[in-house]
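*Asks:* Have a look at this fold, sequence not included:
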């Protein structure tokens, strides 16, 4: 091997560099609760991650509050890979150039996939604020009021606001005005980074999702049949109704302070003036009587979203390195208990093409932990 080739055949080198690049490339994923399992897992595995603790102040002396149950199961159902070949010419490059030309772009593709999956969790959030026609400080204060009323921690530095293209431009214009923000606006004008305003770390993300509303023909429905507290499956009806309810449509129930999101993976279509088998999140916070009035909120919008770190979770686990033991490839898996990220690198020679194959892959899962710790900014 040429002396100037650094780490060309070293999967551990690629995996370590890839993990560093992944940490740097994460958008929404860098701002959510993260957990991992240090043991190798396969796609479809279920792991337990520590859930952020919730405690209650009690009169002293009091009994211990059990923290052993502060775990949540997460399914690792996303196994994603980027694979490429190194030609004879590229094998003459230094390791640094291969990292720049190949490893980092491959990792950015993996990071984009993780970020895109996390953004789909916006469909689990029932709370929303309709953005002003022109981006305004009211957009932030309205978000803050809803999250404050929902008992979201507001002062622990864990609030974020992820915005799409139009909202990003709007906040840049708003806070780039020298008369509004002084030195902070100067920094924004230099870097384009919006920064922290009213307690929210505001950041743009090209992976923000969009919501397409259902075609339900009426805005007011009714609960069809009494429903018990904790039910996550309900039926709705109306005097006359056609159309569909879609993932991410939201509604309120008269007499219930909790809002709900529809989370069916496929459209629920009205039949006989009723929607049957409507899956909701969170589950009903209280028992609900037959014919309780349901008010739908149907709108197409971009899912700009304010959230506390503990609203959503990303979990990862290392993939097996058994291929290294079988001798048909060089394999290395690395994980970082601090960042809770994991990545595998595999390298093997393909004699039919005279190329060295490289693959980077990750195993992960995402989950909404508490929809009441997030709020959509719809536009």
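*Replies:* Cool, the structure landed. No experiment lies behind these values; they were computed from the predicted model shown.
*Asks:* Tell me which residues touch the residue nearest to residue 142 when sequence neighbours are not counted, please.
*Replies:* Leaving aside its sequence neighbours, residue 142 sits nearest to residue 129 (C-beta to C-beta, 6 or more residues apart in numbering; 4.5 Å). From N, CA and C alone the C-beta is placed, and that goes for glycine too. Shown in contact with residue 129 (C-beta atoms under 8 Å, 6 or more residues apart in numbering): 139, 142, 143, 146, 375, 376, 377, 378.
*Asks:* which SSE is the first one in?
*Replies:* Put plainly, it is residue 139. helix 137-149 (DSSP states H and E).
*Asks:* packing partners for that helix?
*Replies:* strand 128-130, strand 159-163, strand 200-204, strand 301-308, strand 374-378 (3 or more C-beta pairs under 8 Å, 6 or more residues apart in numbering; DSSP states H and E).
*Asks:* Roughly how far does the residue lying closest to residue 274 once chain neighbours are set aside sit from residue 258?
*Replies:* Once flanking residues are discounted, residue 274 sits nearest to residue 237: 3.9 Å by C-beta to C-beta, 6+ apart. Remark: distance between residue 237 and residue 258 (C-beta to C-beta, to the nearest Å) = 21 Å.
*Asks:* Those two: who's more crowded?
*Replies:* residue 237 (19 against 16; other C-beta atoms under 10 Å).
*Asks:* pretty sure the more buried one contacts residue 221?
*Replies:* Yes - the criterion here is C-beta atoms under 8 Å, and residue 237 meets it with residue 221 at 6.6 Å.
*Asks:* Report the secondary structure state of the most centrally placed residue in the chain.
*Replies:* For the chain, the residue nearest the mean C-alpha position is residue 118 (2.1 Å; C-alpha atoms, centre = their mean). Classification of residue 118 using DSSP: H, G, I helix; E, B strand; the rest coil returns helix.
*Asks:* Flag the helix or strand of this protein with the lowest per-element mean pLDDT.
*Replies:* helix 178-181 (a mean of 61; mean pLDDT, DSSP states H and E).
*Asks:* So which residues make contact with stretch 161-173?
*Replies:* 27-28, 31, 119, 131, 134-135, 139-140, 143, 188, 192, 194, 197, 200-206, 208, 302-307, 377, 379.
*Asks:* follow-up on the earlier one: which residue, neighbours along the chain excluded, lies closest to the residue nearest to the centre of the chain?
*Replies:* Counting by C-beta to C-beta, 6+ apart, residue 118 lies nearest to residue 28, which is 4.7 Å off, once chain neighbours are set aside.
*Asks:* That neighbour against residue 115, yeah?
*Replies:* Yes - between residue 28 and residue 115 there is a contact under C-beta under 8 Å: 5.3 Å.
*Asks:* Return every residue with contacts to both of these two.
*Replies:* In contact with both residue 28 and residue 115: 205, 207, using C-beta under 8 Å, 6+ apart.
*Asks:* Give me the neighbour count for the residue nearest to residue 273 when sequence neighbours are not counted.
*Replies:* Spatial nearest neighbour of residue 273, excluding adjacent residues (C-beta to C-beta, 6+ apart): residue 241 at 5.2 Å. When neighbours are defined as other C-beta under 10 Å, residue 241 has 20 of them.
*Asks:* do the same with residue 169
*Replies:* Neighbours of residue 169 (other C-beta under 10 Å): 13.
*Asks:* residue ranges for the helices of the stretch 251-379 of the chain, please.
*Replies:* 322-326 (DSSP state H, counting those that start in this stretch).
*Asks:* Okay, now the unreliable bits of it?
*Replies:* Residue ranges of the stretch 251-379 of the chain with pLDDT under 70: 324-328.
*Asks:* mind checking which helix or strand residue 169 is in?
*Replies:* Judged by DSSP H and E, residue 169 forms part of helix 165-175.
*Asks:* which residues does residue 313 contact?
*Replies:* 32, 33, 34, 35, 49, 72, 74, 366, 367, 368, 369.
*Asks:* Unless I misread the structure, residue 12 falls within a helix.
*Replies:* Yes - counting by three-state DSSP, residue 12 is located in a helix.
*Asks:* Can you tell me, leaving aside adjacent residues, what's nearest to it?
*Replies:* Residue 12 sits nearest to residue 332 (C-beta to C-beta, 6+ apart), 3.9 Å away.
*Asks:* Over to residue 124?
*Replies:* In space, residue 124 is closest to residue 368, 4.1 Å off (C-beta to C-beta, 6+ apart).
*Asks:* Hmm, the one you found is touching residue 281, no?
*Replies:* Yes - taking C-beta under 8 Å as the definition, residue 368 is a contact partner of residue 281 at 7.2 Å.
*Asks:* neighbour count winner among those two?
*Replies:* residue 368 (23 against 15).
*Asks:* For that one, list each beta-bridge partner.
*Replies:* residue 312 (DSSP bridges).
*Asks:* Quick check: it vs residue 232, distance?
*Replies:* Counting by C-beta to C-beta - residue 368 and residue 232 are separated by 13 Å.
*Asks:* ok, residues contacting stretch 194-208?
*Replies:* Under C-beta under 8 Å, 6+ apart, the answer for stretch 194-208 is 27-28, 31, 112, 115-116, 119, 137, 140-141, 143-144, 154-155, 159-165, 168, 171-172, 175, 184, 187-188, 193, 302-306.
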